[in-house]
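Enquirer: My questions are about this predicted structure, shown below with the sequence.
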Amino acid sequence: MGGIVVAIIALYVTVVVLYASGSGVVSRGDDEVSPGAVSLVLTPEKMDAATSRLTVSLLPKQADGGEYTNGVTIDKPFAVLVSAVAGSTAVHYQPSELVAPTEVSFVMDGAIEQWPFDRYHVTSFVVAAVDDADGESVPLPTAVTVSGRGVTGWDITMAERDAGDGLLAVDISASRSGATVAFGIVLLTLMVIIPTLVLIVAIAVLRGRRKVEVTTLGWMGAMVFATIPLRNFLPGSPPIGSWIDYLIVLWVIAALVAGLVIFVIAWWRRGPA
């Protein structure tokens, strides 16, 4: 019994510590921005695993004395080109406009069915550019800065690298935070414990080690109907048909029904009171 108490306390502390560590954004790349370069500040806003899309706000900045923006308004027209996004791939800025963040949604590769170990990745090419006299886009010196603000429940990594021809490649990956994974594993473990207890009680009654209490049948039935709400309580709401349904949930329900059947057999054998 003492070992069980210690294990529960250790598990509790682990989950709390993981949650306290929070979700964050890790940035890899050159932190130094060259003078005159247009710095694109990326701030993760929302991760939608169901559609594999990461929404990020994009905000252009320049150091003091910048040619295109002073940090408050736009001084000269330019555009920011972003690939691997849903919708328009170009954000245009016109003189006298206020500098404001623009939301872009990156379309990522990943499968929510692998919850809670699902991972998502995308490589986006970004660059600030201006149109020359011939209407051709000319890349400007561009840098990417990643905000430290994260998305709750997710660990996000953004790595910047030079892609040549004036382009920057940003490798973006997202995975569920340790706290989310731990929460899911604990909840799935509890779901497995429930039918285990039901089977222990049902088998004990069948073998005559415990007397038949018809009220116990109601408790067992309640456990069957409690399974689906517990499954839907999993963080991130994995869709029906995920691997956990085939590996755990289906067999939890099957074991609960088996416990009901065993208990009914024991009740039938007992005969009239």
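Expert: It's in.

Enquirer: Using CSV, write down the CA coordinates of stretch 224-243.
Expert: Below are the C-alpha coordinates for stretch 224-243, written out as CSV (Å, rounded to 0.1, in the frame of the first residue of the first chain):
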residue,chain,number,x,y,z
VAL,A,224,-19.7,1.6,-19.3
PHE,A,225,-21.5,4.9,-19.9
ALA,A,226,-18.7,6.8,-18.1
THR,A,227,-16.1,5.6,-20.6
ILE,A,228,-17.1,7.8,-23.5
PRO,A,229,-17.2,11.1,-21.5
LEU,A,230,-13.7,10.2,-20.1
ARG,A,231,-12.5,9.5,-23.7
ASN,A,232,-13.8,12.9,-24.9
PHE,A,233,-12.1,14.6,-21.9
LEU,A,234,-8.7,13.8,-23.4
PRO,A,235,-6.8,17.1,-24.1
GLY,A,236,-6.7,18.0,-27.7
SER,A,237,-9.9,16.0,-28.5
PRO,A,238,-8.4,13.2,-30.7
PRO,A,239,-10.9,12.2,-33.4
ILE,A,240,-12.8,9.0,-33.3
GLY,A,241,-10.7,6.3,-34.9
SER,A,242,-7.4,7.4,-33.4
TRP,A,243,-5.0,4.6,-32.4
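
Enquirer: Contacts made by it with the rest, please.
Expert: 49-50, 112-116, 153, 176, 180, 183-184, 187-188, 190-191, 194, 244-245, 249, 252-253, 256-257, 260 (C-beta atoms under 8 Å, 6 or more residues apart in numbering). Backbone N, C-alpha and C define where each C-beta goes, glycine included.

Enquirer: per-residue pLDDT, residue 127?
Expert: We have a pLDDT of 90 for residue 127.

Enquirer: go on, residue 27?
Expert: As predicted, residue 27 sits at a pLDDT of 56.

Enquirer: and if you look at residue 255?
Expert: Looking at residue 255, its pLDDT reads 95.

Enquirer: now do residue 35
Expert: 65.

Enquirer: Next: residue 144.
Expert: 88.

Enquirer: Tell me the bridge partners for it.
Expert: Counting by DSSP bridges, residue 144 is bridged to residue 40.

Enquirer: how far away is it from residue 78?
Expert: 16 Å (C-beta to C-beta, to the nearest Å).

Enquirer: Just read off the phi/psi values of residue 133.
Expert: Main-chain torsions, residue 133, degrees, to the nearest 10: phi -60, psi -30.

Enquirer: next one: stretch 250-259 to chain centre, how far?
Expert: Remark: stretch 250-259 is offset 29 Å from the chain centroid, using C-alpha atoms, centre = their mean, to the nearest Å.

Enquirer: Give me the phi and psi angles of residue 57.
Expert: The phi/psi pair for residue 57 (degrees, to the nearest 10) reads phi -90, psi 140.

Enquirer: thought it was touching residue 100?
Expert: No. Shown here, residue 57 and residue 100 do not form a contact pair, counting by C-beta atoms under 8 Å, at 9.3 Å.

Enquirer: shaky segments in the stretch 1-150 of the chain?
Expert: Along the stretch 1-150 of the chain, the model assigns pLDDT under 70 to residues 1, 11, 18-35, 64-65, 135.
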